[in-house]
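In: Build me a model:
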Amino acid sequence: AQIMAHALSVRGFLAGSGAVTPRTSRPRRARPPHRRATVTRAADDGSSNGLGLLTFLGPVVPQGALVTPVKAAWKTAWQTMVTELAPQSRDGEYRRPKYAFDGKVENDANARFPVAAGGRYAVYVGNACPWCHRVTLTIALRGLGDHVRVVPMTDDAERASRGGWVFESSSPDPVFGARDLREVYDFVAGGAYRGRCTAPLLVDTHKKRAVSNESADIARMLNDTEWPSLSSAVLSDANEKSVQLRPSYLAATIDETNDFVYSKLNNAVYRCGFATTQAAHNRAALDVIDALDVLDDRLSKSRFLCGDRVTESDLRLFPTIARFDAAYATLFKCSSRRVGDLPHLEAWMRDFYLLPGVSDTVDVDGYRTSYFGQLFPLNPGGIVPIGPTARDLGLGVDPGRGSRAREDAFHFKA
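Out: Reported below is the predicted structural model:
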């Protein structure tokens, strides 16, 4: 009652004073305070975010609309460059090119290219090239250094007018004075040469003509022919018998082994690395896996590929194995196996490396530098890994597979 009386008195006061009595109304809901949109940023650590397109355009353009065309353009450019570097089949598989010169050095004075003393022949080779390596191994193990001059080249596609091989000023071309291998091909072809300028290239320096640019043929003819006064790290006496890398009684076995090593490994690693479709890569990768497993098992039963003495097959396998962990396993994506994980193949590699004259033909650091630095379609950034090195591969470590004395490690000609 007292409260009601007080309320009425107050109302009367307000009415008497002329004040307006407020209307009664529903209470209003309180509006939430206005919030500004905030952007959370990572602390500035001085790193670059490139152009920042994905961040800048993200609220407006879906990320996929930016990534998809860039990815397609990048892949098109990559396929174009790989195809220029390595010819492709229609299904994206690397196809090794055919060779233009198929002459032969023979033990016949009337032959077009007769055996001759005094350095009549020169072979142009690239340090990193495994096909060149089988030739330099043949020269080293047969003691042909005085008769076949080895002309080294450097892999540099930016300096070369075509292909990748050039001459350094410290080691110029001694035959034609050419700047790169393309100019040598022009000289030996007698005009502008059309085709791929590949190494190795065996040249008759007297006639100024090419003999052959097929590594298997060059290595075979250097083994089959007899050269006067052989001398090298392999031959301690000029009257000793010369090394025979393909004895007749093993010829069929050697040829069969060569075919397997070439198709399943020598060429298959390139088919892996230069494939432009997934299916083509997978086919090649399975060949590589099969070959490594077969060879590791085979070398668990004999010191070398075709028995307990070196043959041509070992010379064809070694260049690929010496490069495998350093380049092919990573750059060419042959990563399902490593030589270091295959005990018998690894021990064979170390054993072969210690044969007289072989270590002088090996440059693992040079292989990595060339493959990762020059095959830019496969490694656009040009970053070269720091390993594995020859030491990492255990080259120089004796695996204890047998004596490396001449009479214990080689076959000889009659």
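
In: Strands along this protein, start to end?
Out: 105-106, 113-114, 121-126, 148-155, 165-166, 201-204, 209-212, 243-244, 411-412 (DSSP state E).

In: Run through the neighbouring helices and strands of the fifth one.
Out: It refers to strand 165-166. Under the contact definition 3 or more C-beta pairs under 8 Å, 6 or more residues apart in numbering; DSSP states H and E, strand 165-166 sits against strand 148-155. In short, each C-beta sits where N, CA and C put it, glycine included.

In: tell me which residues in the strand it packs on are buried?
Out: Neighbour-count burial for strand 148-155 flags Val148, Arg149, Val150, Val151, Met153, Thr154, Asp155 (criterion: 16 or more other C-beta atoms under 10 Å).

In: Buried deepest among the strands of the chain, which one?
Out: Among the strands of the chain, strand 201-204 has the highest mean neighbour count (mean count of other C-beta atoms under 10 Å), at a mean of 26.

In: Verify the contact between Ala122 and Phe176 for me.
Out: No: look at Ala122 against Phe176 with C-beta atoms under 8 Å: they stay out of range, at 9.8 Å.

In: Just the helices from the stretch 301-414 of the chain, written as ranges.
Out: 312-323, 343-353, 364-374, 406-409 (DSSP state H, counting those that start in this stretch).

In: Reformat these as JSON lines; add mean neighbour count and distance to Asp293.
Out: Output for those, formatted as JSON lines (neighbours: other C-beta atoms under 10 Å; distance: least, C-beta to C-beta, whole Å):
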{"stretch": "helix 312-323", "mean neighbour count": "25", "distance to Asp293": "14"}
{"stretch": "helix 343-353", "mean neighbour count": "21", "distance to Asp293": "9"}
{"stretch": "helix 364-374", "mean neighbour count": "19", "distance to Asp293": "23"}
{"stretch": "helix 406-409", "mean neighbour count": "15", "distance to Asp293": "26"}
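
In: a markdown table for these, including distance to Val135 and mean pLDDT?
Out: Below are those laid out as a markdown table (distance: least, C-beta to C-beta, whole Å; pLDDT from 0 to 100):
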| stretch | distance to Val135 | mean pLDDT |
| --- | --- | --- |
| helix 312-323 | 9 | 98 |
| helix 343-353 | 16 | 98 |
| helix 364-374 | 16 | 97 |
| helix 406-409 | 20 | 96 |
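
In: now the ones you listed in CSV, with distance to Ala73?
Out: What follows is the helices of the stretch 301-414 of the chain, written out as CSV (distance: least, C-beta to C-beta, whole Å):
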stretch, distance to Ala73
helix 312-323, 32
helix 343-353, 41
helix 364-374, 24
helix 406-409, 55
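
In: in terms of contact, does Tyr328 touch Ala322 like I think?
Out: No: counting by C-beta under 8 Å, Ala322 is not a contact partner of Tyr328; they are 10.3 Å apart.
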